[in-house]
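S.K.: Below: sequence and its predicted model.
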Amino acid sequence: MADQYAHPETLVDTEWLAAHLTDPKLRVAEVDYDPLANYEQGHVPGAVLFDWRRDINDPLRRDLLSGEQLTRLFRGAGVGPGDTLVLYGDFNNWFAAFAFWVFKYFRFADVRLLNGGRKKWIAEDRPLTKDRPTPVPSQYAAPPPDERLRVYYDELRAELEEVRAHRVGLVDVRGPKEFSGEITAPPEYPNEAAQRGGHIPGAVNIPWGLAVHEDGTFKSAGELAALYRAQGITADHPTVTYCRIGERSSHTWYVLTYLLGYPGVRNYDGSWTEWGNQIRSPIERPLPPPS
């Protein structure tokens, strides 16, 4: 059917998760923007905490965690190569989707998102606990990453003519004021700004939050296809997503790749904090009105 997701197996609902919490091969992880305000106050029973700053990013370099760091993270969390890993979090799974992209970048086979995330789990009065689990260490070893899922500054800069010619789709998933250059970061994230505001030339603005309902669940495949098609983002050409630091764009990357089945979608995790600070990088933004 046209309104079915391309890969529905990557998305589980709250009822499914509640029924499978005791499965021996199931692992659950919460990924929040603010763990202290969420995980510590109550989380899905058995869920470990992945801190997106400390655990998913390298603590020193501006980069994702390495394969060695992921190996340590998964071993300590008891995540083995044959396990099913369900991710959920706050902000409508914003940071859970970032972790999903990172784990797929490292080729983890069975990782899924909880549709609606933490918000829907709590709204349905599902069980919560403050107890931290004590996982049995696994024997996981991270394979080399899949670079087809990621694009770097020099690569994207070299593709700008393809973007302008609409042979490569470029989706800026930030808010309209960030896209226009009126602001360089939302007020609640002033530490993640750039020297200049605007957007990458040729990009279209489709904010990531338009892909979900008020309860945090994803819109239907038909609604999603119409949303992106209206801006010229279709499955017949490669697509790049970006935001400010690569997390919101992971959410859109997931939608395009797994819910709509677009091939060749890449996430530019350097995003605007790299592009907007890079010497001589081209930007677009509306001209100010004449005085």
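M.R.: Cool, the structure landed.
S.K.: Next, the buried residues of stretch 254-272.
M.R.: 254-260, 262, 265-272 (16 or more other C-beta atoms under 10 Å). The C-beta positions use only the backbone N, C-alpha and C, and glycine is treated the same way.
S.K.: where does the stretch 1-150 of the chain dip in pLDDT?
M.R.: By pLDDT under 70, the weakly predicted segments of the stretch 1-150 of the chain are 1-2.
S.K.: Report the contact partners of residue 126.
M.R.: Applying C-beta atoms under 8 Å, 6 or more residues apart in numbering, we find residue 126 in contact with 14, 18, 44.
S.K.: The first one: how many residues sit nearby?
M.R.: In other words, residue 14. As a burial measure, residue 14 scores 20 neighbours (other C-beta atoms under 10 Å).
S.K.: Is it in contact with residue 114, as I believe?
M.R.: Yes - at 6.8 Å, residue 14 counts as touching residue 114 under the criterion of C-beta atoms under 8 Å.
S.K.: Find the residues that touch each one of these two.
M.R.: Common contact partners of residue 14 and residue 114 (C-beta under 8 Å, 6+ apart): 120-121.
S.K.: so how many other residues sit close to the closest residue in space to residue 133 that isn't next to it in sequence?
M.R.: Of all residues not flanking residue 133 in the chain, residue 46 sits nearest, at 5.3 Å (C-beta to C-beta, 6 or more residues apart in numbering). Residue 46 has 17 neighbours, counted by other C-beta under 10 Å.
S.K.: any idea which element residue 46 lies in?
M.R.: Assessed by DSSP states H and E, residue 46 sits outside every helix and strand.
S.K.: So which residues of this structure form strands?
M.R.: 11-12, 26-30, 48-49, 84-88, 111-114, 169-172, 204-205, 239-242, 265-267 (DSSP state E).
S.K.: what residues does the third one touch?
M.R.: The reference is to strand 48-49. 27-32, 35, 39, 43, 77-78, 132-133, 135.
S.K.: who does it pair up with?
M.R.: Using DSSP bridges, strand 48-49 pairs in its sheet with strand 26-30 (parallel).
S.K.: Could you chop the chain up by domain?
M.R.: Following automatic domain parsing, one finds the domains of the chain at 8-145, 148-275.
S.K.: nearest to residue 282, of those domains?
M.R.: Closest approach to residue 282 among the domains of the chain is made by domain 148-275 (5.3 Å; C-beta to C-beta).
S.K.: What is the end-to-end distance of the closest one?
M.R.: By C-alpha to C-alpha, to the nearest Å, the extent of domain 148-275 from end to end equals 20 Å.
S.K.: In space, not sequence, find me the middle residue of the protein.
M.R.: What sits nearest the mean C-alpha location of the chain, by C-alpha atoms, centre = their mean, is residue 250, with 2.6 Å.
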